[in-house]
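In: Show me how the following folds:
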Amino acid sequence: MKNKNIKNDIILKVLNGQRVDRPPVWMMRQAGRFLPGYRKLRSEFSFFERCQNPNLVSKITIMPINDIKTDAAIIFSDILVIPLAMGMNVSMIPDFGPKLDSINKKEDIDKFIIPDVNKKLNYVFEGIKQTITDLENKVPLIGFAGSPWTVFCYMIQGSGSKDFSKAKEFCLNYPNYSKKLLELITITTIDYMRGQIKSGIDIFQLFDSWGGILSKKDYLKFSFPYIKMIIDQCNIPNILFAKGCWHSLREINKLKTNAIGIDWLIEPKYARNILGYDRVVQGNLDPSYLLSSKSKIKKLTLDMINEFGSKNYIVNLGHGILPNTPVENAKTFIKTVKGYS
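Out: Numbers count the residues shown, from 1 in each chain. Below is the predicted model:
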């Protein structure tokens, strides 16, 4: 299934190395929490009811395209559908976040197998297909998954965490069992990515949201190799977002990814000095900046574009948009980029 004749394909052009008149723009976590329409659906349906209903997935995914006019849609889903497919109980608790089964001993790893994603994650693929139908080729559709290390963190920790100390402790004490689980997650993620591509996504983004809690030595051991395995198997334009991984930008730059997403802690000049101006970079406005005045948002956005350079650049936030962001401020951000020349 291919999505062709896209009306606004500016982001695809940039990912394929073509020149454009302005940089494209979208926002991580744009399909959700800051939009009033999403909050209404959240009050009516549980998180996984939203994720597993193709019509709701499509409606939520397309909301920011209609409301704030971003240059790409990103499918409404979650990185934790992978452990769910692998047999873990996963729930989303209001005002707490994700809650997963607890892995209390190394032998718990032995119960995990590689699932049949066509059965276990078919609801994601059906959501993609429905979204493509409803999107009517307005903009490209981005699919995504979490990096194996990031998914591993949640599976071992059993919840979100500031430091994922339990996950890091597990790696240090049981490296072989850690490797086994990381490999299972990687193979499952590759199958999942292929399913999304077959269902019709135009771009694939891999989120290494917790890579930055590792030292460089540990990052190159527990995260980087598994990311490489996934990217090497991706045959559509793809983006790697590795939050906090400034120490490994040189290694990341060697990957066969079309673009590298960076967080707001990395200065544009620093990123460009390492990655070069021929590499497509995505990012990296601090999401909290969208809480300031419209004039300030416009200035900060234009300054950022000028620092990165408008060539080989995708404008985005340095992480997901904050839930309390005013919709009008998000619109100001998007309009500023679209008006850039």
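
In: burial count for the closest residue to residue 42 other than its chain neighbours?
Out: Nearest-residue entry for residue 42: residue 50, 7.3 Å, with adjacent residues in sequence omitted and distances by C-beta to C-beta, 6 or more residues apart in numbering. Using the backbone N, CA and C atoms, a C-beta is placed for each residue, glycine as well. Per other C-beta atoms under 10 Å, the neighbour tally for residue 50 reads 22.

In: what about residue 50, which helix or strand?
Out: With elements delineated by DSSP states H and E, residue 50 resides in helix 47-52, which encompasses its position.

In: How far away from the center of its chain is that helix?
Out: Between the mean C-alpha point of helix 47-52 and the mean C-alpha point of its chain there is a distance of 18 Å (C-alpha atoms, centre = their mean, to the nearest Å).

In: could you give me the average pLDDT of it?
Out: The predicted model assigns helix 47-52 a mean pLDDT of 94.

In: Could you pull out the helices in the stretch 101-250 of the chain for me?
Out: In the stretch 101-250 of the chain, the helices defined using DSSP state H, counting those that start in this stretch lie at 117-120, 122-135, 148-157, 165-173, 175-199, 216-222, 224-232, 249-252.

In: Return the list of helices and strands in contact with the fourth one.
Out: In terms of contacts (3 or more C-beta pairs under 8 Å, 6 or more residues apart in numbering; DSSP states H and E), helix 165-173 is packed against helix 148-157, helix 175-199, helix 216-222.

In: how far off helix 148-157 does that helix point, in degrees?
Out: Between the direction of helix 165-173 and that of helix 148-157, the angle (axes from the mean of the first three to the mean of the last three C-alpha atoms, to 10 degrees) works out to 110 degrees.

In: rewinding a little: in PDB, list the C-alpha atoms belonging to the helix holding residue 50.
Out: Extracted as PDB, the C-alpha positions of helix 47-52 are listed here (Å, rounded to 0.1, in the frame of the first residue of the first chain):
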ATOM      1  CA  PHE A  47      -6.000   5.400  26.400                       C
ATOM      2  CA  PHE A  48      -5.800   2.000  24.800                       C
ATOM      3  CA  GLU A  49      -9.400   2.300  23.500                       C
ATOM      4  CA  ARG A  50      -8.200   5.400  21.700                       C
ATOM      5  CA  CYS A  51      -5.100   3.500  20.400                       C
ATOM      6  CA  GLN A  52      -7.000   0.400  19.300                       C
END
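
In: still on that earlier bit, out of the helices and strands packed on helix 165-173, flag the one nearest residue 95.
Out: Proximity to residue 95, assessed across the helices and strands packed on helix 165-173 by C-beta to C-beta, is greatest for helix 148-157 (17.8 Å).

In: List the buried residues of that closest one.
Out: Counting neighbours by 16 or more other C-beta atoms under 10 Å, one finds that the buried residues in helix 148-157 are 148, 149, 150, 151, 152, 153, 154, 155, 156, 157.

In: so where is this protein shaky, pLDDT-wise?
Out: Using pLDDT under 70 as the threshold, the predicted model of the chain has low-confidence ranges 1-4.

In: OK, contacts around the residue lying closest to residue 270 once chain neighbours are set aside?
Out: With sequence-adjacent residues excluded and distances taken as C-beta to C-beta, 6+ apart, residue 270 is closest to residue 246, at 7.4 Å. Under the criterion of C-beta atoms under 8 Å, 6 or more residues apart in numbering, the contact list for residue 246 reads 212, 262, 265, 266, 270.

In: change it to 10 Å
Out: In this structure, residue 246 makes contact with 212, 216, 252, 262, 263, 265, 266, 267, 270, 271, 274, judged by C-beta atoms under 10 Å, 6 or more residues apart in numbering.
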